[in-house]
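>>> Here's my sequence, what's the structure:
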Amino acid sequence: MWGYFTINTTIELICFFIALICLKKDHDLAWRLMILFLFMTCVAEMTGIYIKRLYLSGNLHIHPNSWIYNILLMFEMVFVSIMFLSILNEFVNSKSIIISGLTLLFIIYIYEILTHGIYKKNNLTTTVMSILFVLYSLYYFYCLLKHELYVDLKYSPAFWWVIGSLFFYFGSTACNIFYYKLSVVTITPKHYLTYYIYTALNIILYGYWSYSFICKKCLTLISKA
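You can find the predicted model right below:
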């Protein structure tokens, strides 16, 4: 049982519970949907660990767990795009940008599924998605700099959510591009360099997201006071 509680799953569960506490009554649907996305992420991670154990045991004829993450990838594309839509709409009408990006991602996603099936990881979709989310993040910062109104960044939920996304997806993009070189670098007998990079990126992502949820809750309480 305790084998399911890795560093990654633990930080994801913590982020999920923080989101549940802070966002369940939030007026913005995009932020509330983060609760559902984080729940799905936790379930997928736990299921992925279970499938991986069955696969490595060799006792059953079972596929690797890549198909779990391919399914999760589809929801990640949608939920994170909805969040960027909500955040960017504070400055500009970003609907056409986000819909165009999602359309591109789904075309690539379907192409990869038709090409190699669901049991092989959709690397191209993941890379293009990460690049798009990095561009959305940079566009947010551009809009923020051009914005005339004062924003207290220390307590801005959108700012910290985007910061976490930028670091994570930029790091993921770089790691995916150089994966085959990084994956052969052994740090410990059980783990390669990529394991520690992805773990660090997950801690950064869910750490910043958790803080953004807390900021969102605080703003809600202040607005009601």
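>>> pull the helix or strand with minimum mean pLDDT from this protein.
Within the chain, no helix or strand scores below helix 179-182, which has a mean of 73 by mean pLDDT, DSSP states H and E.
>>> and after that helix, which helix or strand comes next?
Following helix 179-182 in sequence order, the next helix or strand is helix 193-224 (DSSP states H and E).
>>> Return the distance of that following helix from the chain's centre.
11 Å (Cα atoms, centre = their mean, to the nearest Å).
>>> which other helices and strands contact it?
Helix 193-224 makes packing contacts with helix 7-23, helix 29-57, helix 157-177, helix 179-182 when contacts are defined by 3 or more Cβ pairs under 8 Å, 6 or more residues apart in numbering; DSSP states H and E. For the C-beta atoms, the positions are set from N, CA and C on the backbone; glycine is no exception.
>>> Buried residues in it, which are they?
194-195, 197, 201-202, 204-217, 220 (16 or more other Cβ atoms under 10 Å).
>>> Check stretch 4-22 too.
N8, T9, I11, E12, L13, C15, F16, I18, A19, C22.
>>> same check, this time on stretch 164-180
Judged by neighbour count using 16+ other Cβ under 10 Å, the buried positions of stretch 164-180 are G164, S165, L166, F167, F168, Y169, F170, G171, S172, T173, C175, N176.
>>> Could you export that stretch as PDB, CA atoms only?
Written as PDB, here are the backbone C-alpha positions of stretch 164-180 (Å, rounded to 0.1, in the frame of the first residue of the first chain):
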ATOM      1  CA  GLY A 164       4.300  27.000 -11.900                       C
ATOM      2  CA  SER A 165       3.100  26.100 -15.400                       C
ATOM      3  CA  LEU A 166       5.900  27.900 -17.100                       C
ATOM      4  CA  PHE A 167       8.600  26.200 -15.100                       C
ATOM      5  CA  PHE A 168       7.100  22.800 -15.400                       C
ATOM      6  CA  TYR A 169       6.300  22.800 -19.100                       C
ATOM      7  CA  PHE A 170       9.500  24.600 -20.100                       C
ATOM      8  CA  GLY A 171      11.500  22.000 -18.100                       C
ATOM      9  CA  SER A 172       9.400  19.200 -19.500                       C
ATOM     10  CA  THR A 173      10.000  20.400 -23.100                       C
ATOM     11  CA  ALA A 174      13.700  20.500 -22.600                       C
ATOM     12  CA  CYS A 175      13.700  17.100 -20.900                       C
ATOM     13  CA  ASN A 176      11.600  15.500 -23.700                       C
ATOM     14  CA  ILE A 177      13.900  16.900 -26.400                       C
ATOM     15  CA  PHE A 178      17.000  15.500 -24.700                       C
ATOM     16  CA  TYR A 179      15.300  12.500 -23.100                       C
ATOM     17  CA  TYR A 180      17.400   9.800 -24.800                       C
END
